[in-house]
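1. Here is a sequence with its predicted model. Questions after.
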Amino acid sequence: MKLSEVLRNNFEAIEVEDFFSQSICLECIEIAETGEWKQSNLGSRKIQNTKLDRSWLEEMIGRYAPREIMGWTYVGVHPGTCQFFKYTQNDTFPDHQDGAIELSDTVQSLFTIVVYLNTCAGGATGFPEKRQSIAPKAGKAVIFPQNFVHNSARIESGLKYILRAQLLYKTSGVIPY
């Protein structure tokens, strides 16, 4: 069986309550608001790359992300995908899958992490094929295979801030997709 099929058929989204403390969430929002937002490729959400030190984030993720799958071992966060996202009232994001980041024949991303930096009305992350919906709650993280179809429901009021990154894995084999 292909790794992509194993991920799709044998995993669920992993929810981690209190992944970030309230103070870290507020600090991330403050950092994000002093940065430069860019328009998303779809919808009206805004994006910016972070300048966060990823070593502490990688250590935290390592406690919850699958460490090894079919010979692929977690190695860290892809720096180019470590981004803040900002959604405003009525924003949504349609069904999609996150594309794999292939650094070489033996290193690529397999999972995505989303950390909610605030609690808002609406804006749940939906996984339609899994019949699962996760409401934003400040500090909660969601880790899921990037080949899961997912979306963001409409923001009913206020803003939604998230930190999102793709997780890199390494193998001695070849790219599974």
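-> Yep, that arrived. Predicted model, so just to flag it, every value in this text is computed and none were measured.
2. Give the lowest-confidence helix or strand of the protein, using mean pLDDT as the measure.
-> Using mean pLDDT, DSSP states H and E, the weakest-scoring helix or strand in the chain turns out to be helix 54-62, at a mean of 86.
3. Please point out which parts of that helix sit buried.
-> Within helix 54-62, the residues that count as buried by 16 or more other C-beta atoms under 10 Å are Arg54, Leu57, Glu58, Met60, Ile61. Glycine gets a C-beta too; all of them are placed from N, C-alpha and C.
4. by contact count, what packs against the helix or strand that contains Val142?
-> Per DSSP states H and E, Val142 falls inside strand 141-145. Packed against strand 141-145 by the contact rule (3 or more C-beta pairs under 8 Å, 6 or more residues apart in numbering; DSSP states H and E) you find strand 14-16, strand 107-116.
5. what's the longest helix anywhere in the chain packed up against?
-> Determined from DSSP state H, the single longest helix within the chain is helix 22-34. In terms of contacts (3+ C-beta pairs under 8 Å, 6+ apart), helix 22-34 is packed against strand 83-87, strand 160-170.
6. switch the cut-off to 10 Å
-> On a contact count with 3 or more C-beta pairs under 10 Å, 6 or more residues apart in numbering; DSSP states H and E, helix 22-34 meets strand 46-49, strand 83-87, strand 107-116, strand 160-170.
7. Now do stretch 112-122: distance to the chain's middle.
-> Taking the mean of its C-alpha atoms, stretch 112-122 sits 10 Å from the chain's own mean (C-alpha atoms, centre = their mean, to the nearest Å).
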